[in-house]
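**Student:** my questions are about this predicted structure, shown below with the sequence.
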Amino acid sequence: MSYRGDGEVSAIHRPTGEVHTLSLRSTTARFVAPGSLTGGRFGLFQWDMPARAGGASPHFHRTFSESFYVLSGTVQLYDGAAWAGAGAGDFLYVPEGGVHGFRNDADEAASMLILFAPGPARERYFEELAEIFEAGRELSDQEWTELFARHDQVMVAE
């Protein structure tokens, strides 16, 4: 039991207009509840991808789990062994160390929720990617390695 009190007023309401939104190439990321809001307990992002938006290549994280819940469209989810089409209502849980990836290869838009637990400052990783893409920068292999290392993103071959 982590709370031993008698109850308190501590809920956090976050109207949609207060949610930070980021454009990452053609994808829109909404940082619904980043770890900074939840005391590091979890991070919840909404990921809206247009048709054929691509996504994340196979990778894993050492310090947090990641879960995917498809809201609409079809998202290809990689479970470490194979890619599979996931539709609205489908869910994938990936514990620490679990290889995974996602992408939208379909001819229609797709949307999903991504849950990180505990809640690292994962939004900073996506902000850095957006800055790189917007500037048209080409990173060296060493620069990619350093970026991934800063954000617990370990890339693997399929």
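**Tutor:** Noted; the coordinates are in hand.
**Student:** can you show me the strands along this protein?
**Tutor:** Here the chain has its strands, by DSSP state E, at 20-24, 27-33, 43-49, 54-60, 65-72, 75-78, 83-86, 91-94, 100-104, 110-117, 154-155.
**Student:** now those strands as a markdown table including mean neighbour count?
**Tutor:** Just so you know, the C-beta spots here come from the backbone N, C-alpha and C atoms, and that holds for glycine as well. What follows is these, written out as a markdown table (neighbours: other CB atoms under 10 Å):
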| stretch | mean neighbour count |
| --- | --- |
| strand 20-24 | 13 |
| strand 27-33 | 19 |
| strand 43-49 | 22 |
| strand 54-60 | 16 |
| strand 65-72 | 18 |
| strand 75-78 | 22 |
| strand 83-86 | 15 |
| strand 91-94 | 16 |
| strand 100-104 | 22 |
| strand 110-117 | 21 |
| strand 154-155 | 14 |
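**Student:** to residue 3, which of the ones you listed lies closest?
**Tutor:** For these, the distance to residue 3 is smallest for strand 110-117, at 17.6 Å, taking CB to CB.
**Student:** listing partners with orientation, what would you give for that closest one?
**Tutor:** Strand pairing for strand 110-117, using DSSP bridges, gives strand 43-49 (antiparallel), strand 65-72 (antiparallel).
**Student:** redo those as a markdown table? Include distance to residue 87 and mean pLDDT.
**Tutor:** Output for the strands paired with strand 110-117, formatted as a markdown table (distance: least, CB to CB, whole Å; pLDDT from 0 to 100):
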| stretch | distance to residue 87 | mean pLDDT |
| --- | --- | --- |
| strand 43-49 | 14 | 98 |
| strand 65-72 | 6 | 98 |
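**Student:** switch those over to a markdown table; also include distance to residue 92.
**Tutor:** Below are the strands paired with strand 110-117 laid out as a markdown table (distance: least, CB to CB, whole Å):
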| stretch | distance to residue 92 |
| --- | --- |
| strand 43-49 | 13 |
| strand 65-72 | 5 |
